[in-house]
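Student: sequence first, then the predicted structure:
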Amino acid sequence: MEKDNEVVVCARTEANLRIAQETRPRLHTIRCDVSKEFERKRLHDWAFANFPETNVLINNAGIQRMIDLKKGPNDLLDNLEADGEDEIDINLKALVYLSAHFVPELRRKRRAAILNIGSGLGFIPISFMPVYCATKAAVHSFTVSLRHQLRNTPVQVFEVIPPTVDTNLDKGARERRGQANRGIPPSEVARSVMAGLERDELELAIGMALDLRRRSRENFDEAFANMNR
């Protein structure tokens, strides 16, 4: 917004939207649960009705769970029953369907972009978060394919690959497992992303995620063993 962009954010709770708008009064907000198809369609229609010049989609929604598959479906179902949130629906399905909704209008712009938020754990997974890591690996694969499909259009497709970031992504699981490192501030990620966009850097790996991506391509087995000791 400091660069005179019109910015719209969505969230599931009005409280979070109010906090965001108090921090950035020029921000535009809309309540939306992107895990639900009718709300994804409503978001798309509302965005282009109210902001017809929309030319960037940022797919940032995500949650992270610790899942022990030795328990069968128990952890999966317990989390779903507790808050109704499903990692596959939020981390992957929402991103795929929102991209599909927005692409036709974005293709008509002089210049447009889609930013998909991946993760260093999409390159080397941590086994106690198997679904989260799998969705982020899928985000990487989907982004590569989408970028190729849109290669001769005005739409550039970026993948942002952050390290651990200090957010509420994991619903307090870091504290429960005694993880002292909360990750880098979101503002640091934002600065890196803006700098990378100016360089047209399509795969934006940040901080320790740079090392994870490199290690995954040089010696995956060794890197996986070190991550999962």
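Tutor: Yep, that arrived.
Student: isn't residue 192 right up against residue 206?
Tutor: Yes. At 4.7 Å, residue 192 and residue 206 qualify as touching, with contact defined as CB atoms under 8 Å. For every residue, glycine as well, the C-beta is placed using N, CA and C.
Student: in the chain, which spans are strands?
Tutor: 8-11, 28-31, 56-59, 112-117, 155-161, 203-205 (DSSP state E).
Student: I'd like these laid out as TSV, including mean pLDDT and mean neighbour count.
Tutor: Output for the strands of the chain, formatted as TSV (pLDDT from 0 to 100; neighbours: other CB atoms under 10 Å):
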stretch	mean pLDDT	mean neighbour count
strand 8-11	94	18
strand 28-31	96	15
strand 56-59	98	21
strand 112-117	98	21
strand 155-161	98	24
strand 203-205	96	20
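Student: in JSON lines: those strands, plus distance to residue 186.
Tutor: JSON lines is the format used below for the strands of the chain (distance: least, CB to CB, whole Å):
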{"stretch": "strand 8-11", "distance to residue 186": "13"}
{"stretch": "strand 28-31", "distance to residue 186": "17"}
{"stretch": "strand 56-59", "distance to residue 186": "13"}
{"stretch": "strand 112-117", "distance to residue 186": "11"}
{"stretch": "strand 155-161", "distance to residue 186": "12"}
{"stretch": "strand 203-205", "distance to residue 186": "15"}
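Student: to residue 83, which of the ones you listed lies closest?
Tutor: strand 8-11 (14.6 Å; CB to CB).
Student: and stretch 47-58, end to end?
Tutor: 13 Å (CA to CA, to the nearest Å).
Student: list the buried ones in that stretch?
Tutor: In terms of neighbour count (16 or more other CB atoms under 10 Å), stretch 47-58 has its buried residues at 47, 54, 55, 56, 57, 58.
Student: which residue, other than its chain neighbours, is closest to the second one?
Tutor: Spelled out, it's residue 54. residue 47 (5.2 Å; CB to CB, 6 or more residues apart in numbering).
Student: that neighbour reaches residue 55, doesn't it?
Tutor: No. Between residue 47 and residue 55 no contact is recorded; they are 10.8 Å apart, counting by CB under 8 Å.
Student: shaky segments in the chain?
Tutor: Applying pLDDT under 70 to the chain picks out residues 1-2, 170-182.
Student: could you pull out the helices for it?
Tutor: Along the chain, counting by DSSP state H, helices occupy 14-23, 37-50, 74-83, 87, 94-106, 130-149, 173-176, 186-198, 208-218, 220-227.
Student: of those helices, flag the one that's most buried.
Tutor: helix 87 (a mean of 25; mean count of other CB atoms under 10 Å).
Student: just to revisit the earlier point, what sits in contact with each of residue 47 and residue 55?
Tutor: Shared contacts of residue 47 and residue 55 (CB atoms under 8 Å, 6 or more residues apart in numbering): none.
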